[in-house]
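S.K.: no letters, just coordinates:
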């Protein structure tokens, strides 16, 4: 049985136990379950900053190296960037509108927020533009690290990685090796912590069940529906992008991508879907010179659903806390989501979820105490993450094939 499934079962069991416990048993048990759950959560939180530092540095270093492979790779990276911005923008537009029309169950939302660590102010958080810009460039990176301020940390690590790319090969490799070792060590530590994930989630779920009752099941069902709907919307939007900018027929594209989508749903792996995506490119008659460059790059670093889904998660948590977000908060979320999309590729979904969502939450001022409970139901939304990614991989290949033909004709 996979770890994700065990966490999901632990969540359901914990919610059921907590909701069905009589009040005379639930009240004395609550401090114990809170302590166990928060202990696991804090152990997980202590790995986030070094893990993100290692992931971001090596991710940028690898992307810069791959971009040096030619003009086609450079055009691919630009297309990836634009589509990731599109993905984030779609989530920022769709999710608030959906939650206005169909809000979370209020009683269950209040209960799950009361159970989470850290309180958030209710309403619109006013952010000063000057202070926000200054906060992105830390005067003292160690002070930012100590405070857990992710946005300045991300800014510093990103600029540090770009600067390292200008060093000679030996020194650049030494730095990449150092951050790669930090990343790998943190992944080992996270792996140890995740051994206790079913117990930690079970304890947190009992606390939620005691406070929210059976309404917690309805809230988690609502959350899953919101995550699935925003990703389905993004996937649907990818089709006209392929048709309009890639100049392929809608039915031809749908038939070509369907086998890759079937593999994606069954394996939840973009890399496992790569042969089927190659076959889809051949069916569409896309030039092999483009496919053999773009597709391996796409399955490695391009995940169109990452900004969409991760921003949706944080917006949902903010919604539970009754928060409204300023334009600057959305800008911070966009920057953090783009960084996460590049740097967290190739990791297990449970680790990617936290490594990507925590910086976005930090940038928007959203507490993260609810995230472990939402992580436990990531099993369902993760299917649509992979489904959207493989669909976009073939679409961007079609778009870049058309662009290559136009460039070749002009030459």
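M.R.: Thanks, I have it. The model shown is predicted, which means the values in this text are computed figures rather than measured ones.

S.K.: touching, residue 50 and residue 181? I think so.
M.R.: No - with contact defined as Cβ atoms under 8 Å, residue 50 does not count as touching residue 181 (10.9 Å). C-betas here are computed from N, CA, C, even on glycine.

S.K.: of the two, who's got more company?
M.R.: residue 50 (16 against 12; other Cβ atoms under 10 Å).

S.K.: look up the pLDDT of that one for me, please.
M.R.: Looking at residue 50, its pLDDT is 89.

S.K.: toward the C-terminus, what is the element adjacent to the strand or helix carrying it?
M.R.: Using DSSP states H and E, residue 50 sits within helix 48-67. Note on helix 48-67: by DSSP H and E, the next helix or strand toward the C-terminus is helix 71-101.

S.K.: chain center to that next one: distance?
M.R.: 13 Å (Cα atoms, centre = their mean, to the nearest Å).

S.K.: next: stretch 215-232.
M.R.: Here the centre of stretch 215-232 is set off from its chain's centre by 16 Å, with Cα atoms, centre = their mean.

S.K.: quick check: buried residues in that stretch?
M.R.: 215-217, 219-220, 222-224, 226-231 (16 or more other Cβ atoms under 10 Å).

S.K.: where in the stretch 1-150 of the chain is pLDDT low?
M.R.: 62-71, 115-133, 135 (pLDDT under 70).

S.K.: now the angle from the helix holding residue 50 to helix 71-101?
M.R.: 140 degrees (axes from the mean of the first three to the mean of the last three Cα atoms, to 10 degrees).

S.K.: pLDDT on the host helix or strand of residue 233, on average?
M.R.: Element membership of residue 233 [criterion: DSSP H and E] is helix 215-246. For helix 215-246, mean pLDDT rounds to 95.

S.K.: how close does the nearest residue to residue 267 once chain neighbours are set aside get to residue 388?
M.R.: Distances taken as Cβ to Cβ, 6 or more residues apart in numbering place residue 273 nearest to residue 267, at 7.0 Å, with adjacent residues excluded. Going from residue 273 to residue 388 by Cβ to Cβ, to the nearest Å gives 12 Å.

S.K.: cool, and residue 227?
M.R.: The gap separating residue 227 from residue 388 is 12 Å, by Cβ to Cβ.

S.K.: and for residue 301?
M.R.: 15 Å.

S.K.: between the two, which one's more packed in?
M.R.: Neighbours per residue, other Cβ under 10 Å: of residue 301 and residue 388, the larger number sits with residue 388, 28 against 19.
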